[in-house]
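J.: below are the sequence and a predicted model for it; my questions follow.
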Amino acid sequence: MNDKDIHEIKELLSSSKNIVITTHKNPDGDAIGSTLALHQYLSALGHNSKVITPNEYPEFLKWIPEEDSILKFDNGNKTAISEIEKADIIFTLDFNHLSRSGEMESTLAKSEATFIMIDHHQQPDTYAKYVYSDTAMCSTCQMIYHFIEKMNDIDKITPEIATCIYVGIMTDTGSFRFRSTTSTTHRVVADLIDKGADNTSIHERIYDSNTLSRLRLQGIALNNLKVLPEYKTAYITMSQKELDQNSFKKGDTEGFVNLGLSIEGIKFALIFIENKGEGIIKISLRSKGGFSVNEFSRNHFEGGGHHNAAGGKSNLSLSDTIDKFISILPPYKNALNQ
Ligand code: 5GP
Ligand code: MN
């Protein structure tokens with residue numbers, strides 16, 4: 001996003017506008033943090049904006065400032081549809097292709113609003129008039145900080161906005177450990193703490209909010225974990241039955257994929273989660289080093305994401321999906337053993 005774009009966005013925002021802020025399906029901490037941070041920044045500029053998510057998000061995010069103002073598109077929400085229809089500006093955050101917005105896609109595609117994309121995923125699409133895309137960024141939340149900085153409004157960051165931004169940086173960097181975490185990320189985070197983000201309490205609210213059933217699910221995940229040493233690969237399966245027997249709630253399996261990646265020597269980890277409601281197997285993929293799970297998921301599982309973290313899906317049964325997965329691994333043997 002160059003100075004000209006910022007200047008034009010300032011112009012756009014200089015008068016009253018109907019603004020919608022949206023994000024990807026199955027929103028995570030970065031999606032919810034970035035949309036709510038931008039929403040509250042726009043409030044500070046005097047704008048009323050609406051945050052609309054395609055669907056429900058995890059329980060452990062249900063405390064973030066102004067989270068209760070979010071509209072969810074998927075429960076037949078007429079208000080959400082009419083907000084999108086009357087929008088003059090639509091910010092799309094933390095995704096790079098309208099198909100990532102799930103059931104919202106056709107309503108968004110019909111809109112004549114000015115689209116502004118802020119995102120860090122690979123291979124951004126071209127639907128937006130203004131694109132702030134940086135695949136080197138650890139999180140969309142860090143980009144929201146830089147966007148506010150470019151708008152010359154750093155002093156408008158309230159403790160609540162700082163909290164939202166902190167959540168997304170923390171969750172998307174695996175608590176400041178992934179390669180995308182830079183010295184700039186730490187400087188941004190330091191400033192967020194100075195501006196009122198309570199780091200200890202944010203960590204506790206996100207990571208120490210396990211339910212007993214979630215811990216039991218984690219036990220099942222560990223029990224189901226399989227290692228393929230010749231491919232330096234580990235994968236976990238979770239069947240719908242296992243989820244149902246442990247009162248699964250959205251977000252309960254978040255982070256389980258990293259259990260496989262924590263095994264010494266493992267370079268590629270996946271979790272395959274059966275979703276009978278949607279008739280799919282939802283896949284999360286993670287890697288360390290040079291192996292691109294973005295490419296792997298694009299090529300085989302209708303997904304994508306980042307170099308070391310991606311998602312995808314399969315329309316086969318759980319066992320057929322695993323068979324397919326194991327059958328496509330051989331050509332990757334060298335890459336995984338490098
Ligand atoms: P997760 O495995 O946590 O759902 O997602 C990992 C990363 O991949 C996130 O950045 C997420 O936005 C992206 N991602 C997840 N599922 C999909 C998908 O089906 N398609 C694409 N293109 N990206 C995905
Ligand atoms: Mn993100």
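T.: Looks like it came in fine. Residues are numbered from 1 along each chain as shown. Ligands and ions are numbered 1, 2, ... in the order given.

J.: in the stretch 1-150 of the chain, which spans are strands?
T.: 19-23, 49-53, 71-72, 89-93, 114-119, 130-133 (DSSP state E, counting those that start in this stretch).

J.: so for residue 245, which of those strands sits nearest?
T.: Closest to residue 245 of these is strand 71-72 (CB to CB; 26.7 Å). Any C-beta I mention is one placed from the backbone N, CA and C, and that applies to glycine too.

J.: so which elements touch the closest one?
T.: Contact partners of strand 71-72 among helices and strands, from 3 or more CB pairs under 8 Å, 6 or more residues apart in numbering; DSSP states H and E: strand 49-53, helix 78-86.

J.: quick one on the thing from earlier: can you add distance to residue 189, mean pLDDT and mean neighbour count and give the strands of the stretch 1-150 of the chain back as a markdown table?
T.: Below are the strands of the stretch 1-150 of the chain laid out as a markdown table (distance: least, CB to CB, whole Å; pLDDT from 0 to 100; neighbours: other CB atoms under 10 Å):
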| stretch | distance to residue 189 | mean pLDDT | mean neighbour count |
| --- | --- | --- | --- |
| strand 19-23 | 21 | 98 | 26 |
| strand 49-53 | 23 | 98 | 24 |
| strand 71-72 | 29 | 96 | 16 |
| strand 89-93 | 19 | 98 | 26 |
| strand 114-119 | 18 | 98 | 23 |
| strand 130-133 | 20 | 98 | 20 |
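
J.: right, and these - which one's nearest ligand 2?
T.: Ligand 2 lies closest to strand 114-119 among these, at 7.8 Å (CB to the ion).

J.: the closest one to strand 19-23, inter-axis angle?
T.: Calculated by axes from the mean of the first three to the mean of the last three CA atoms, to 10 degrees, strand 114-119 forms an angle of 30 degrees with strand 19-23.

J.: what sits up against strand 114-119?
T.: Residues outside strand 114-119 that contact it (CB atoms under 8 Å, 6 or more residues apart in numbering): 9, 12, 34, 38, 88-96, 124, 127-133, 140, 143-144, 147.

J.: from those, which are also near ligand 2?
T.: Filtering those for proximity to ligand 2 (criterion: CB under 5 Å from the ion) leaves 94, 140.

J.: with distance to ligand 2 added, can I get the helices and strands packed on strand 71-72 in a markdown table?
T.: Formatted as a markdown table, the helices and strands packed on strand 71-72 follow (distance: least, CB to the ion, whole Å):
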| stretch | distance to ligand 2 |
| --- | --- |
| strand 49-53 | 14 |
| helix 78-86 | 22 |
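
J.: I'd like the ones you listed as TSV, with distance to ligand 1 appended.
T.: Shown next, in TSV, are the helices and strands packed on strand 71-72 (distance: least, CB to the nearest ligand atom, whole Å):
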stretch	distance to ligand 1
strand 49-53	13
helix 78-86	21
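
J.: which residue does the stretch 201-338 of the chain bring closest to ligand 1?
T.: Ligand 1 sits closest to residue 311 of the stretch 201-338 of the chain, with a gap of 2.0 Å, by CB to the nearest ligand atom.

J.: swap in the stretch 1-150 of the chain?
T.: Nearest residue of the stretch 1-150 of the chain to ligand 1 (CB to the nearest ligand atom) works out as residue 24 at 5.4 Å.

J.: and the gap between that residue and residue 55?
T.: 10 Å (CB to CB, to the nearest Å).

J.: leaving out chain neighbours, which residue sits closest to the residue of the stretch 1-150 of the chain closest to ligand 1?
T.: Distances taken as CB to CB, 6 or more residues apart in numbering place residue 95 nearest to residue 24, at 3.9 Å, with adjacent residues excluded.

J.: check residue 258 too.
T.: Spatial nearest neighbour of residue 258, excluding adjacent residues (CB to CB, 6+ apart): residue 286 at 6.4 Å.

J.: after the helix or strand hosting residue 259, next one along is what?
T.: Per DSSP states H and E, residue 259 falls inside helix 257-261. Elements were assigned by DSSP H and E; along the chain past helix 257-261, the next helix or strand is strand 268-275.
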